[in-house]
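Peer 1: below is the sequence, then the predicted model.
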Amino acid sequence: MYNEMKKYIFYFLATLCLTACTLSKQEAEKLGKAVKIFPDYAGTLLPVNLSPPTFALTDSTESLDNLQAVFSSGEKTVVVANDGEEGFCLSESDWKKLKEFSQTISVTIQGKKNGEWVEYEPFEMFISPDSIDNTIVYRLIEPGYEVWNEMGIYQRNIENYEEEAIITNRLTDGGCMNCHSFCNYDPETLMFHLRLNYAGTYVKKASPKLRKLVSPKSLVYPSWHQSGRFIAFSQNKTKQMFHTTDRNRIEVFDISSDVVVYDLETDTLLCTPLLMSKEKFETFPSWSADGKTLFFCCADSVEIPADYDKVHYSLCSISFDPEKKAFGDSVTVLFDGAKAAMSVSFPRCSPDGKYIVYTLSNYGNFSIWHRESRLMMLPLEDIHTAEPISLLPDFRASYHSWSSSSRWMVMASRQDDGLYTRPYIVHISPDGKVSKPFALPQPDAGYYLRKMKSYNLPEFVKGKVNVDFQSENHKE
């Protein structure tokens, strides 16, 4: 009898505890105001294979207690409690179930005010059937660029929160690394640069082992040809200076620059005088989708650094025959930077060949530190007559990379605080319509605020990258 009583008491207390701990949507008075969250996912279009978005309430005017987020999708409802600075964090299993019920997920933030339940206006997140490449590769670095302690090239699985180092400067005696690039989004075919110790350009094809390219000059700003045989580079003499009063803290400029193409089969450089003029600065080469056109940026050479803010790069192109390894005999100006008194950098053609997107800033070519930088898009079908379209008029981004499907783009943006670049993603439909940008989801809402690093050169790839870097094999 005693044991039976203990059993019933145990079940009663367990049921009482479970009931108390189970969250549910509450009848609540409407505040009549939109909710403010960070990162902001309200009204965003998200890829179907994206990890769960996490966010926190940033509106402190209401001073609500017992905050909870109610996620509704069709007949499915999930309620998540606020976890302080970590915000609202959905489990992967709940996120998967919500996506299965509907492509529209409604979110309502509720809380108690003076002991009574109240709620903000709901917002919606939309699920796109277009999946996204499952990996983004980026460099993590302090935002100053004049010094660094630790830096590395990292990869992040978009379908969950797993981040892994590909290579860090602990393996290179503290040296700098940059300009990672992939051929056709293939994680097995890549290249990157090292500076200081083990300086040079390293390529990986088929084997995890790295191969160092042979070149009399440094090679930067790479673009892989679709065949995998060629890589377009620029050869730049670059300097930097630091502003004391300008809102753009750092200025980086070229004293000279040319564009060349490296033949990986013969270890030779393919050159043309049209891309190596002493009267011009040529930089940022980028191949068209069919590999028959090389886009690049070009500006009249001026006295540097005296006239650094008078350098205006144009968007240009030149034809290329991969079979004959030959350039065309003329350069076409597609957007005249000098005439517009603006400057183009980082042209990127969509893999489907429909659009080219580039960064536009007031002057120079180091748009990464220009707060006015924005993305412009041109339809390639009418590239000689069409007017550039501002991709996101109210959003500032300094670098961008297409997904392999041409439906998504990842951008490096200082939109949040003007200091740290963070990865934002947008959907671009076949007819050029652009969705609201959203931050790459992290395990909790406070992640970006704690992360004292900039996300530099985000690039999509189709899978996990494996590199075997053995420093003893790469010494001069």
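Peer 2: Cool, got the structure.

Peer 1: low-confidence ranges, the stretch 101-250 of the chain, go.
Peer 2: 144-149, 238-250 (pLDDT under 70).

Peer 1: so where do the strands sit in it?
Peer 2: Along the stretch 101-250 of the chain, counting by DSSP state E, counting those that start in this stretch, strands occupy 104-113, 116-121, 123-128, 135-141, 152-157, 163-168, 177-182, 189-194, 200-205, 211-212, 220-224, 230-242, 250-263.

Peer 1: quick one: the strands in the stretch 301-450 of the chain?
Peer 2: Applying DSSP E, counting those that start in this stretch to the stretch 301-450 of the chain gives strands spanning 314-321, 326-327, 332-335, 343-349, 355-361, 374-379, 389-390, 399-402, 408-413, 422-427, 438-439.

Peer 1: and the ones you listed as CSV, adding mean pLDDT?
Peer 2: What follows is those, written out as CSV (pLDDT from 0 to 100):
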stretch, mean pLDDT
strand 314-321, 97
strand 326-327, 98
strand 332-335, 96
strand 343-349, 95
strand 355-361, 95
strand 374-379, 94
strand 389-390, 92
strand 399-402, 95
strand 408-413, 96
strand 422-427, 97
strand 438-439, 98
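
Peer 1: which one, of these, ends up nearest to G32?
Peer 2: Among those, the nearest to G32 by C-beta to C-beta is strand 438-439 (25.5 Å). No exception for glycine: its C-beta is placed from N, CA and C like everyone else's.

Peer 1: residues in contact with the closest one?
Peer 2: With contacts defined as C-beta atoms under 8 Å, 6 or more residues apart in numbering, strand 438-439 is touched by 39-41, 44, 46, 53, 422-426, 448.

Peer 1: distance to C176 for these - can I get that in TSV?
Peer 2: Converted to TSV, those look like this (distance: C-beta to C-beta, whole Å):
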residue	distance to C176
P39	29
D40	33
Y41	35
T44	35
L46	35
P53	33
R422	21
P423	21
Y424	25
I425	27
V426	30
Y448	24
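
Peer 1: TSV for the strands of the stretch 301-450 of the chain, including distance to N160 and mean neighbour count?
Peer 2: As requested, the strands of the stretch 301-450 of the chain are exported to TSV (distance: least, C-beta to C-beta, whole Å; neighbours: other C-beta atoms under 10 Å):
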stretch	distance to N160	mean neighbour count
strand 314-321	38	20
strand 326-327	44	16
strand 332-335	40	18
strand 343-349	27	25
strand 355-361	28	25
strand 374-379	28	21
strand 389-390	34	14
strand 399-402	21	24
strand 408-413	17	25
strand 422-427	15	23
strand 438-439	16	22
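
Peer 1: looking at those, which is nearest to E116?
Peer 2: Nearest to E116, of these and by C-beta to C-beta, is strand 438-439 at 32.7 Å.

Peer 1: quick one: strands adjacent to that closest one?
Peer 2: Strand pairing for strand 438-439, determined by DSSP bridges: strand 422-427 (antiparallel).

Peer 1: now the partner strand and strand 374-379, what's the angle there?
Peer 2: On the basis of axes from the mean of the first three to the mean of the last three C-alpha atoms, to 10 degrees, strand 422-427 is oriented at 30 degrees to strand 374-379.

Peer 1: what's in contact with strand 422-427?
Peer 2: Contacts of strand 422-427 (C-beta under 8 Å, 6+ apart): 45, 47, 128, 130, 132, 136, 138, 391-392, 395, 397, 407-416, 434-440, 448, 454-455, 458.

Peer 1: taking strand 135-141 as reference, get the angle to that strand.
Peer 2: Using the same axes, to 10 degrees: strand 422-427 against strand 135-141 is 150 degrees.

Peer 1: now strand 422-427 - C-alpha only, CSV.
Peer 2: Provided in CSV are the C-alpha atoms of strand 422-427 (Å, rounded to 0.1, in the frame of the first residue of the first chain):
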residue,chain,number,x,y,z
ARG,A,422,28.8,39.6,-41.7
PRO,A,423,27.4,37.1,-44.3
TYR,A,424,23.9,38.0,-45.6
ILE,A,425,22.0,35.9,-48.1
VAL,A,426,19.3,36.9,-50.7
HIS,A,427,17.2,35.0,-53.2
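
Peer 1: thanks a lot, catch you later.
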